[in-house]
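> heads up, no residue letters with this:
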């Protein structure tokens, strides 16, 4: 006696015709959300940690100032001196009136330097400030 | 009879399209930076040439002094950084119902040699104190946390509990 194997009569194939469409959708999502890295950070820094932090809602308004562990200051792609901060930031503010300055300062930097930068920012009328920190858990 | 010429099929091979799309996708996946910028927000005062000193009654002020060693002084008492929050909270709460020109002003003054880290920690403590008071106030009055309130309610809470932080310029190091 022979047994007939029970097999479903349906096709055993996954329809792949729509796969490119799905992938393109994903692709489009990532293309839209991507902001390509614009600058190379030339200074070494470790951000401080804090609990009461806020998100910056608009990324396009942010302008960064880096301060490394060796007190070097970087704006855009260049290392700058303290006296350069004011003219550069003033130009930035003219291009973007409600610019938010994000200070990415190393934990071991001196407050004197940070205050000097803040004085420069005040002179340049860049008054919205954000001390960049990571979340303390 | 003449045989009809077979028409060549004019189809673009699409089987590799998915692969190409995947490659592109992979590129954007790698290039994407999703980290959101987080930090402690602050608005600096405008720069004025000659600073006029405005007298502020002592009861309004909470003066925080931080020296180069990271010792914290709140109203002439030495405390640790982590006590700042609890100390301030009581004072903020006591001033909720006062008019806006009598709210608490937190003044932070550092030495030039103070480490940035300790400054951020104290700022963090101040912000936490304010946020907790705001949360408690919204909870009792609206039954929700501050972040879940609608905008008009948030404005109301902000008016009741404004965050006023004054950053004093550090003094030059005394020799």
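Ah, there it is. A quick note: this is a predicted structure, and the numbers were derived from the prediction, not measured.

> Where does chain A get nearest to chain B, which residue?
Closest residue of chain A to chain B, CB to the nearest CB: residue A:112 (3.2 Å). Glycine gets a C-beta too; all of them are placed from N, C-alpha and C.

> pLDDT (mean, whole number) over the strand or helix carrying that residue?
Residue A:112 is located in helix A:111-123, with elements delineated by DSSP states H and E. Helix A:111-123 comes out with an average pLDDT of 88.

> Could you pull out the buried residues of it?
Neighbour-count burial for helix A:111-123 flags A:111, A:112, A:113, A:114, A:115, A:116, A:117, A:118, A:119, A:120, A:121, A:122 (criterion: 16 or more other CB atoms under 10 Å in any protein chain shown).

> circling back to that earlier point, pull up the gap between the residue of chain A closest to chain B and residue B:113, please.
As judged by CB to CB, to the nearest Å, residue A:112 and residue B:113 stand 7 Å apart.

> Spit out the residues that contact those two alike.
Counting by CB atoms under 8 Å, 6 or more residues apart in numbering or on different chains, no residue touches both residue A:112 and residue B:113.

> Quick check: residue A:100 touching residue A:62?
Yes - at 5.2 Å, residue A:100 and residue A:62 qualify as touching, with contact defined as CB atoms under 8 Å.

> quick revisit: for the helix holding residue A:112, packing partners?
The helices and strands touching helix A:111-123, judged by 3 or more CB pairs under 8 Å, 6 or more residues apart in numbering or on different chains; DSSP states H and E, are strand A:62-67, helix A:85-95, strand A:100-105, helix B:116-142.

> Scan chain A for its longest helix.
helix A:19-33 (DSSP state H).

> helix or strand right after that one?
As assigned by DSSP H and E, the chain's next helix or strand after helix A:19-33 is strand A:49-50.

> List the neighbouring strands of that next one plus their orientation.
Paired with strand A:49-50 in the same sheet, following DSSP bridges, are strand A:134-135 (parallel).
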